[in-house]
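Student: Generate a structure from the sequence data that follows.
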Amino acid sequence: MTFQQLIIVGHVGRDPEFKYTSDGVPVCTFSVAVSKVTGRGEQRSQKTTWFRVTLWRDRAETASQLVKKGQRILLVGEVSASAYIARDGQPVASLEITASEFRLLSARGEAADSETDDVAAHAASGEAGSSAAAEEILEEDADELPF
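Tutor: This next block holds a predicted model:
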């Protein structure tokens with residue numbers, strides 16, 4: 001048996017797109033930017049990795065109502081990578097996450113509201129709580145996160 005799970009914390013890059021498949025299954029997609037800052041002073045640099053996020057069924061419906069561009073979000077899911085040739089002829093890689101859970105960490109430009117976050121997480125996970133790994137990430141000091 002094999003298993004993979006990825007946890008990311010980043011900022012929503014665009015408002016979600018919500019639709020139904022031809023079979024009537026709800027699907028929601030949006031992008032998330034995860035930034036890492038390294039170095040200090042003049043040596044400080046930032047690298048941003050973009051992920052394309054897909055949520056399905058009940059979580060898709062919830063995300064389409066709650067998620068907005070600029071919000072800080074935690075996502076748990078499976079990752080896949082694909083490559084293609086862009087219009088300019090350059091090779092491009094794409095990282096895609098099929099999320100099984102999400103948690104809003106803050107509204108755009110606001111500090112996180114833990115009561116609102118708990119309600120959103122409960123609705124998003126469809127369970128009494130998030131996975132243990134996701135909870136560990138949230139318990140870390142926010143100043144230690146690279147964004």
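Student: going forward, measure contacts and count neighbours with C-alpha atoms only.
Tutor: Will do.
Student: Helix, strand, or coil at the residue nearest the centre of the chain?
Tutor: Central residue of the chain (C-alpha atoms, centre = their mean): Leu75, 4.1 Å from the mean position. Three-state assignment for Leu75 (DSSP: H, G, I helix; E, B strand; the rest coil): strand.
Student: excluding its backbone neighbours, what's nearest it?
Tutor: Among residues not flanking Leu75 along the chain, Phe102 sits closest, at 4.5 Å (C-alpha to C-alpha, 6 or more residues apart in numbering).
Student: Can you get me a residue count around the one you found?
Tutor: 27 (other C-alpha atoms under 10 Å).
Student: so Val27 makes contact with Trp56?
Tutor: Yes - counting by C-alpha atoms under 8 Å, Trp56 is a contact partner of Val27 at 4.6 Å.
Student: that's a strand at Arg87, yeah?
Tutor: No - counting by three-state DSSP, Arg87 is not part of a strand but coil.
Student: pLDDT score for the residue of the chain positioned farthest from its centre?
Tutor: No residue in the chain sits farther from the centre than Glu42, which is 30.0 Å out by C-alpha atoms, centre = their mean. What the model reports for Glu42 is a pLDDT of 90.
Student: same question, Glu135
Tutor: Glu135 is given a pLDDT of 44.
Student: List the strands paired with the strand of greatest length in the chain, with their directions.
Tutor: Counting by DSSP state E, the longest strand found in the chain is strand 91-106. The pairing partners recorded for strand 91-106 under DSSP bridges are strand 45-56 (parallel), strand 72-85 (antiparallel).
Student: Looking at these, which is nearest to Val9?
Tutor: strand 72-85 (4.4 Å; C-alpha to C-alpha).
Student: Mind listing what's buried along that closest one?
Tutor: 72-79 (16 or more other C-alpha atoms under 10 Å).
Student: Looking at those residues, spot the one nearest Glu96.
Tutor: Nearest to Glu96 among the buried residues of strand 72-85 is Val79, at 5.5 Å by C-alpha to C-alpha.
Student: give me the number of residues near Pro26?
Tutor: Quick note: Pro26 (other C-alpha under 10 Å) scores 18 neighbours.
Student: Does it touch Phe18 like I think?
Tutor: Yes - here Pro26 reaches Phe18: they are 7.3 Å apart, a contact under C-alpha under 8 Å.
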